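Q: Everything below, folded, please.
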Amino acid sequence: MFVVRCISLALVIAIVSFPFGWRSWAVVTSDGYGTHVVNPGEEAFGIDHDGVAQILMNGNFGCTGALLEGGMHVLTAGHCLNNPNTALITVRFTLEEGVVDIQAHSWSPHPEFPQISGTDVGIITLSERAPPEIPRYSPLRALGLDIDSPNTLFGYGVTGYAGTGRDARDGNKRGGRNRYEATSSTMSINAATVGGSDDESWLFSDFDSGLAENDAFGFHFGKVDLGFGVDEVYASSGDSGAPIFVHNRYSNVIAGVVSGGTRYSGTPNADLDETVNATWGQFSRDTRVAAPWNLEFIESYTSTALEPQPLTPVRSAFGLDVEVETDAGQIVYIRASDDFVQWGNLLVHRTTQSIEQFNVVSQEQMAGLGAVFLVAVREPTTEPELPDLPDPPEPSLQPLPPTGLIGSNAPTGELVSVDTDTAVASGLGETILFGLHGLAFDVNTKTLYGVAAATDSLHTVEASTGHLERVGSLGVNFPSTAGLAFDPDNNILYATSNGSAANLYIINTTTGVASEVGPLGVNVPGLAYVPSVSTLYGVSGQTDSLYTIDVSTGFATLVGELGINTSFCGLAYDADSGGLYLSDSLSDSLYSINRNSGAATLVGELGFPQVTGLSGRNKAVASP
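A: Below is the predicted model of the structure:
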């Protein structure tokens, strides 16, 4: 006998009780360089991954995302969504039949991001519902099932080999396995709770080589697990926002969203080297989808794209079927629960006729099962009405102070003023430019230049008014971060790019076009020109070192090691003090750099999460 009840799950939907239940970065790879490519139309690790998409910013790849149930929303990382100009954002799905591009209608990072740790999730609302042949994914709704269970990652980011670390991006999607073994309330792995806590929203996995000395959880926490052998993978640059799937007892669902990487702070260390560069022994840090505050945010969007679907359970020779009445071609989601509290996605089915019966649990699965409750929702066949969006806000910037440093906070596009004595940073206003990584000040015209990753364009800020203006397209894709430096004696604006195109460029300040000088030989996100010695300096998070750069060839020559672990960073020369300064996004701190040895000395914490652009802004020449 069936018992029909109703509860509220943002939708009013029917619950059916039946007497059974359920018992009980592309990525860097481990088996060689650039392996584990997954092809459209072919399942990998039991998952149809064609709903894992590229997020394009102004036509250039930025992050990875996943199509959610309802077909109207894409889940990604909150730090990927910081450009208020939605017209720049496109979601690209690659299918066996070809590429499907869908323009974004709107986007939203979690309302508490980045102020509240562990909320690095965001939602892109599409301008139209994705074609039904593209698979949709459901979030994990049960805390605890994400810990110590095999998981699967798919991403479009930088690839490489675990023995040498991340290298370059080739545009392929890759997939592989790992396992979440700990949670934390902070971004630090040193403070992690091994085995997990329901109150913490960061998820951590380690990059195992199969050897005990690189088993980071075993080495540092006494939790031995040697990983998945050749299938072990690690997320890298560009995998941000990528989904990590676990099995929720019924089907594969999204448990985590790729956010970043880290390493244990201490010596000895399981890490192969001393840099967060996707080598064995490092940790991946992802945002926990099932955390109530993240799940509520996600479902506040997906519930608007679904409607109630009545269903009738039917016993059959195959086990348990359900009968539904829909329009042919509708997508129906069946969810299951044994306690009315935790709901798991059971399956997704696309109907072929108006009244259809299909199997949801096999005869073998039914044997010995307890009570379970079923619920169904469906995607409407009509397109949703999307509200008109206001025009993007105009930036409101204060005039730039005459002394000290200027920094750009990448997640918000905010400019900040930095005191070189204390590292105290004060906000100057939001530029509304996503990923404003490179900054350089022209002391001759009192103009601040910036390179924005979202637009791959050169922009200017007028010092006395704060007026922001786009100069033009670079003609070069600066995918992650770019260094920028101005030579005031020769009126030359230099720039660097990362990854496979780690080159030195000269940018035409009239048109914005970048011309290649030559390969650097190393990633250089921090760039500064010192007029008193006519030298271009660069800092690499790849090697944690300071370099001088030949402005004729682009070649970087090592000065010395910083003595700190850094990644994305800014570099600037302050003529008033004659000092070279580094802003580090890992520690959120300012350092002074010895130009002779490369050694970094802490000045203080900046108070902003990712100051990746840094520039001086005063007189052209000072004493060394």
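Q: Can you show me the strands along the stretch 501-624 of the chain?
A: Under the criterion DSSP state E, counting those that start in this stretch, the stretch 501-624 of the chain contains strands at 503-507, 514-519, 526-530, 535-540, 545-549, 556-561, 569-574, 579-584, 589-593, 600-605, 611-616.
Q: quick check, distance from the last one to the centre of its chain.
A: If I follow you right, that is strand 611-616. Counting by CA atoms, centre = their mean, to the nearest Å, strand 611-616 is centred 21 Å from the centre of its parent chain.
Q: I'd like to know which of the strands of the stretch 501-624 of the chain is closest to Trp107.
A: Among the strands of the stretch 501-624 of the chain, strand 611-616 comes nearest to Trp107, with 20.9 Å by CB to CB. Where C-beta positions appear, they are placed from N, C-alpha and C, glycine not excepted.
Q: how about Phe297, what does it touch?
A: By CB atoms under 8 Å, 6 or more residues apart in numbering, the residues touching Phe297 are His110, Pro111, Thr119, Val121, Ile123.
Q: on that earlier part again, most packed of the strands of the stretch 501-624 of the chain?
A: Ranked by average neighbour count under the criterion mean count of other CB atoms under 10 Å, the strands of the stretch 501-624 of the chain are headed by strand 611-616 at a mean of 31.
Q: For that strand, give me every contacting residue.
A: Contact with strand 611-616 is made by 405-410, 416, 418, 425, 436-441, 448, 450, 481, 484, 525-526, 528, 568-575, 581-583, 585, 588, as judged by CB under 8 Å, 6+ apart.
Q: Check the average confidence over that strand, would you?
A: Throughout strand 611-616, pLDDT has a mean value of 89.
Q: Just want the angle from it to strand 589-593.
A: 40 degrees (axes from the mean of the first three to the mean of the last three CA atoms, to 10 degrees).
Q: which neighbours does strand 611-616 have in its sheet, and in what orientation?
A: Strand 611-616 has its sheet partners listed here by DSSP bridges as strand 405-409 (antiparallel).
Q: residue ranges of the strands in the stretch 151-300 of the chain, please?
A: Using DSSP E, counting those that start in this stretch, the strands of the stretch 151-300 of the chain run over residues 160-161, 165-166, 174-179, 182-184, 193-194, 202-206, 233-234, 243-247, 252-262, 283-288.
Q: Let me see the mean pLDDT of the first one.
A: The one in question is strand 160-161. 80.
Q: outside of it, which residues touch it?
A: The list of residues contacting strand 160-161 from outside it, by CB under 8 Å, 6+ apart, reads Val28, Thr29, Ser30, Gly32, Tyr33, Gly34, Arg166, Asp167, Ala168, Ser236, Ala278.
Q: What pLDDT is listed against the fifth one?
A: The pLDDT attached to Tyr33 in the predicted structure is 80.
Q: measure Thr152 to Phe283 for me?
A: 18 Å (CB to CB, to the nearest Å).
Q: Then Leu590?
A: 26 Å.
Q: just Val361 next, same as before
A: The gap separating Val361 from Phe283 is 38 Å, by CB to CB.
Q: Pretty sure Val451 sits against Tyr494.
A: No: between Val451 and Tyr494 there is no contact under CB atoms under 8 Å: 11.1 Å.
Q: got any residues that touch both of those two?
A: Leu484, Ile507.
Q: if you count what's nearby, which of these two comes out ahead?
A: Val451 (33 against 25; other CB atoms under 10 Å).
Q: next one: phi and psi at the more buried one?
A: Here is the backbone geometry of Val451 (degrees, to the nearest 10): phi -110, psi 120.
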